[in-house]
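Asks: this one's structure only:
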(Lines give C-alpha, C1' and ligand atoms only; values in the text may rest on other atoms or scores of the structure.)
Protein backbone atom coordinates (compact mmCIF):
# COMPACT_ATOMS: atom_id res chain seq x y z
CA UNK A 1 0.00 0.00 0.00
CA UNK A 2 2.79 2.41 0.87
CA UNK A 3 4.66 1.80 -2.38
CA UNK A 4 1.47 1.97 -4.44
CA UNK A 5 0.10 5.23 -3.06
CA UNK A 6 3.50 6.89 -2.95
CA UNK A 7 3.95 6.23 -6.67
CA UNK A 8 0.33 6.95 -7.64
CA UNK A 9 -0.03 10.33 -5.94
CA UNK A 10 3.60 11.41 -6.02
CA UNK A 11 4.53 11.49 -2.35
CA UNK A 12 7.73 10.57 -0.54
CA UNK A 13 7.86 7.83 2.09
CA UNK A 14 8.71 8.83 5.66
CA UNK A 15 9.26 5.97 8.10
CA UNK A 16 7.95 6.62 11.60
CA UNK A 17 9.78 3.89 13.50
CA UNK A 18 6.62 1.78 13.64
CA UNK A 19 5.97 -0.88 10.97
CA UNK A 20 2.24 -0.21 11.38
CA UNK A 21 2.31 3.53 10.60
CA UNK A 22 3.94 5.13 7.55
CA UNK A 23 3.74 8.77 6.45
CA UNK A 24 3.55 9.80 2.81
CA UNK A 25 4.62 13.40 2.41
CA UNK A 26 4.74 16.00 -0.37
CA UNK A 27 6.25 19.45 -0.82
CA UNK A 28 3.50 21.18 1.18
CA UNK A 29 2.75 20.12 4.80
CA UNK A 30 -0.90 19.50 3.87
CA UNK A 31 0.17 17.00 1.19
CA UNK A 32 0.27 14.17 3.69
CA UNK A 33 -1.26 10.70 3.83
CA UNK A 34 -0.88 8.34 6.78
CA UNK A 35 -1.05 4.63 5.98
CA UNK A 36 -2.04 2.73 9.13
CA UNK A 37 -2.23 -1.01 9.57
CA UNK A 38 -5.61 -2.13 10.97
CA UNK A 39 -6.82 -5.57 12.08
CA UNK A 40 -10.07 -5.52 10.07
CA UNK A 41 -10.35 -6.69 6.49
CA UNK A 42 -12.27 -4.59 3.98
CA UNK A 43 -15.89 -5.78 3.96
CA UNK A 44 -17.92 -3.14 2.09
CA UNK A 45 -17.38 -0.48 -0.56
CA UNK A 46 -15.30 2.42 0.70
CA UNK A 47 -17.58 5.32 1.58
CA UNK A 48 -14.67 7.72 1.22
CA UNK A 49 -12.26 7.48 -1.70
CA UNK A 50 -9.64 9.46 -3.59
CA UNK A 51 -9.70 10.66 -7.19
CA UNK A 52 -6.28 10.91 -8.82
CA UNK A 53 -4.77 12.29 -12.02
CA UNK A 54 -3.05 9.61 -14.13
CA UNK A 55 -1.63 9.25 -17.63
CA UNK A 56 -2.70 5.59 -17.79
CA UNK A 57 -4.87 3.18 -15.82
CA UNK A 58 -2.17 0.52 -16.11
CA UNK A 59 -1.03 1.12 -12.55
CA UNK A 60 1.18 -1.57 -10.95
CA UNK A 61 -0.75 -3.20 -8.11
CA UNK A 62 -4.16 -1.78 -9.08
CA UNK A 63 -7.10 -3.64 -10.60
CA UNK A 64 -9.94 -2.18 -12.70
CA UNK A 65 -13.41 -2.23 -11.14
CA UNK A 66 -15.31 -0.51 -13.96
CA UNK A 67 -14.86 -1.03 -17.69
CA UNK A 68 -12.90 1.51 -19.68
CA UNK A 69 -15.31 4.13 -21.02
CA UNK A 70 -18.19 3.48 -18.60
CA UNK A 71 -17.62 6.94 -17.10
CA UNK A 72 -15.33 9.90 -17.70
CA UNK A 73 -13.00 8.14 -15.28
CA UNK A 74 -12.18 4.57 -14.36
CA UNK A 75 -12.97 3.00 -11.00
CA UNK A 76 -9.96 1.07 -9.74
CA UNK A 77 -9.01 -0.93 -6.63
CA UNK A 78 -5.70 -0.49 -4.82
CA UNK A 79 -3.68 -3.49 -3.52
CA UNK A 80 -5.89 -3.64 -0.41
CA UNK A 81 -9.09 -3.58 -2.47
CA UNK A 82 -9.92 0.04 -1.70
CA UNK A 83 -11.72 1.85 -4.48
CA UNK A 84 -10.34 4.99 -6.11
CA UNK A 85 -11.09 6.79 -9.37
CA UNK A 86 -8.45 7.37 -12.03
CA UNK A 87 -8.86 10.37 -14.34
CA UNK A 88 -6.65 9.99 -17.41
CA UNK A 89 -4.93 13.21 -18.50
CA UNK A 90 -2.48 13.94 -21.34
CA UNK A 91 -0.04 15.24 -18.73
CA UNK A 92 0.10 15.15 -14.94
CA UNK A 93 2.14 17.04 -12.37
CA UNK A 94 4.40 15.65 -9.67
CA UNK A 95 1.52 15.77 -7.14
CA UNK A 96 -1.47 13.91 -8.53
CA UNK A 97 -4.19 14.09 -5.88
CA UNK A 98 -7.38 15.40 -7.51
CA UNK A 99 -10.45 15.10 -5.27
CA UNK A 100 -11.65 13.65 -1.99
CA UNK A 101 -15.03 11.96 -2.51
CA UNK A 102 -17.54 11.13 0.23
CA UNK A 103 -20.73 9.10 -0.24
CA UNK A 104 -23.72 10.67 1.51
CA UNK A 105 -27.40 10.04 2.11
CA UNK A 106 -27.94 13.79 1.73
CA UNK A 107 -25.05 15.09 -0.35
CA UNK A 108 -26.26 18.68 -0.50
CA UNK A 109 -26.72 19.00 3.25
CA UNK A 110 -23.43 17.31 4.12
CA UNK A 111 -21.55 19.45 1.61
CA UNK A 112 -23.07 22.52 3.24
CA UNK A 113 -22.01 21.29 6.66
CA UNK A 114 -18.41 20.77 5.62
CA UNK A 115 -18.34 24.11 3.82
CA UNK A 116 -19.10 25.72 7.20
CA UNK A 117 -16.08 23.93 8.64
CA UNK A 118 -13.58 24.25 5.78
CA UNK A 119 -14.81 27.32 3.92
CA UNK A 120 -15.11 27.49 0.15
CA UNK A 121 -18.16 27.50 -2.09
CA UNK A 122 -20.49 24.69 -3.15
CA UNK A 123 -21.03 23.63 -6.74
CA UNK A 124 -23.98 21.30 -7.38
CA UNK A 125 -25.06 19.03 -10.23
CA UNK A 126 -28.24 17.36 -11.40
CA UNK A 127 -26.54 13.98 -10.94
CA UNK A 128 -26.48 14.43 -7.17
CA UNK A 129 -22.89 15.62 -6.83
CA UNK A 130 -22.13 18.57 -4.57
CA UNK A 131 -18.55 19.77 -4.36
CA UNK A 132 -16.74 22.22 -2.10
CA UNK A 133 -14.44 24.36 -4.21
CA UNK A 134 -11.85 26.91 -3.14
CA UNK A 135 -11.41 25.86 0.49
CA UNK A 136 -8.13 27.23 1.84
CA UNK A 137 -5.37 24.89 2.95
CA UNK A 138 -6.77 21.62 1.61
CA UNK A 139 -4.51 19.25 -0.39
CA UNK A 140 -7.04 18.53 -3.15
CA UNK A 141 -8.88 20.52 -5.80
CA UNK A 142 -12.34 19.83 -4.40
CA UNK A 143 -14.21 17.77 -1.82
CA UNK A 144 -17.08 15.99 -3.53
CA UNK A 145 -20.19 14.55 -1.87
CA UNK A 146 -21.97 11.88 -3.90
CA UNK A 147 -25.62 10.99 -3.31
CA UNK A 148 -26.06 7.28 -2.45
CA UNK A 149 -29.09 5.32 -1.16
CA UNK A 150 -27.31 3.32 1.54
CA UNK A 151 -26.40 4.54 5.02
CA UNK A 152 -22.91 4.24 6.48
CA UNK A 153 -22.13 0.89 8.12
CA UNK A 154 -18.94 0.37 10.11
CA UNK A 155 -15.85 2.52 10.45
CA UNK A 156 -14.58 4.22 7.30
CA UNK A 157 -11.23 2.87 6.11
CA UNK A 158 -10.34 6.31 4.77
CA UNK A 159 -10.73 9.49 6.81
CA UNK A 160 -9.31 13.01 6.83
CA UNK A 161 -7.65 15.15 9.48
CA UNK A 162 -8.20 18.85 10.07
CA UNK A 163 -6.04 21.32 11.95
CA UNK A 164 -7.60 24.22 13.86
CA UNK A 165 -5.94 27.08 15.71
CA UNK A 166 -8.45 28.07 18.38
CA UNK A 167 -9.05 26.48 21.77
CA UNK A 168 -12.84 26.13 21.52
CA UNK A 169 -12.78 24.32 18.17
CA UNK A 170 -14.11 21.01 19.50
CA UNK A 171 -17.04 22.66 21.26
CA UNK A 172 -17.82 24.67 18.13
CA UNK A 173 -17.80 21.55 15.96
CA UNK A 174 -20.12 19.87 18.47
CA UNK A 175 -22.46 22.85 18.28
CA UNK A 176 -22.61 22.37 14.50
CA UNK A 177 -23.64 18.73 14.88
CA UNK A 178 -20.38 16.77 15.09
CA UNK A 179 -19.91 14.09 17.76
CA UNK A 180 -16.81 13.32 19.80
CA UNK A 181 -15.81 9.66 19.48
CA UNK A 182 -12.56 9.86 21.42
CA UNK A 183 -10.82 12.65 23.25
CA UNK A 184 -7.04 13.05 23.67
CA UNK A 185 -5.57 10.56 26.11
CA UNK A 186 -2.26 8.89 26.91
CA UNK A 187 -2.14 7.33 23.43
CA UNK A 188 -3.36 10.13 21.13
CA UNK A 189 -2.99 13.92 21.09
CA UNK A 190 -5.97 14.60 18.83
CA UNK A 191 -9.76 14.33 19.02
CA UNK A 192 -11.61 11.76 16.93
CA UNK A 193 -14.99 13.08 15.79
CA UNK A 194 -17.85 12.13 13.46
CA UNK A 195 -19.76 14.44 11.13
CA UNK A 196 -23.60 14.43 10.96
CA UNK A 197 -23.59 11.28 8.77
CA UNK A 198 -21.10 9.47 10.98
CA UNK A 199 -17.94 9.96 8.91
CA UNK A 200 -14.90 9.89 11.17
CA UNK A 201 -12.36 12.70 11.10
CA UNK A 202 -9.54 13.75 13.42
CA UNK A 203 -9.09 17.25 14.81
CA UNK A 204 -5.69 18.63 15.79
CA UNK A 205 -5.95 21.77 17.92
CA UNK A 206 -2.77 23.83 17.53
CA UNK A 207 -3.73 26.77 19.78
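Replies: Received it, and whenever you're ready, just let me know what you need. In this text the structure is predicted, and so the values were computed from the model without any measurement.

Asks: that's a helix at residue 173, yeah?
Replies: Yes: counting by DSSP: H, G, I helix; E, B strand; the rest coil, residue 173 is located in a helix.

Asks: residue contacts, it?
Replies: Residue 173 makes contact with 117, 193, 203, according to Cβ atoms under 8 Å, 6 or more residues apart in numbering. Bear in mind the C-beta positions are built from the backbone N, C-alpha and C, glycine included.

Asks: Residues touching the worst-scoring helix or strand of the chain on mean pLDDT, excluding its own?
Replies: Lowest on mean pLDDT, DSSP states H and E among the helices and strands of the chain sits strand 121-124, with a mean of 93. Outside strand 121-124, the residues that touch it by Cβ under 8 Å, 6+ apart are 108, 111-112, 115, 130-134, 142.

Asks: which is the next helix or strand following it?
Replies: Moving toward the C-terminus from strand 121-124, the next helix or strand (DSSP states H and E) is strand 129-133.

Asks: Can you spell out which helices and strands pack onto that next one?
Replies: helix 107-118, strand 121-124, strand 142-147 (3 or more Cβ pairs under 8 Å, 6 or more residues apart in numbering; DSSP states H and E).

Asks: from the chain's centre, how far out does the longest one sit?
Replies: Read that as helix 107-118. 15 Å (Cα atoms, centre = their mean, to the nearest Å).

Asks: element containing the residue with the largest distance to the centre of the chain?
Replies: Within the chain, the residue lying farthest from the chain centre (Cα atoms, centre = their mean) is residue 186, at 26.3 Å. For residue 186, there is no helix or strand it lies in under DSSP H and E.

Asks: how close does it sit to residue 167?
Replies: Distance, residue 186 to residue 167, by Cβ to Cβ, to the nearest Å: 21 Å.
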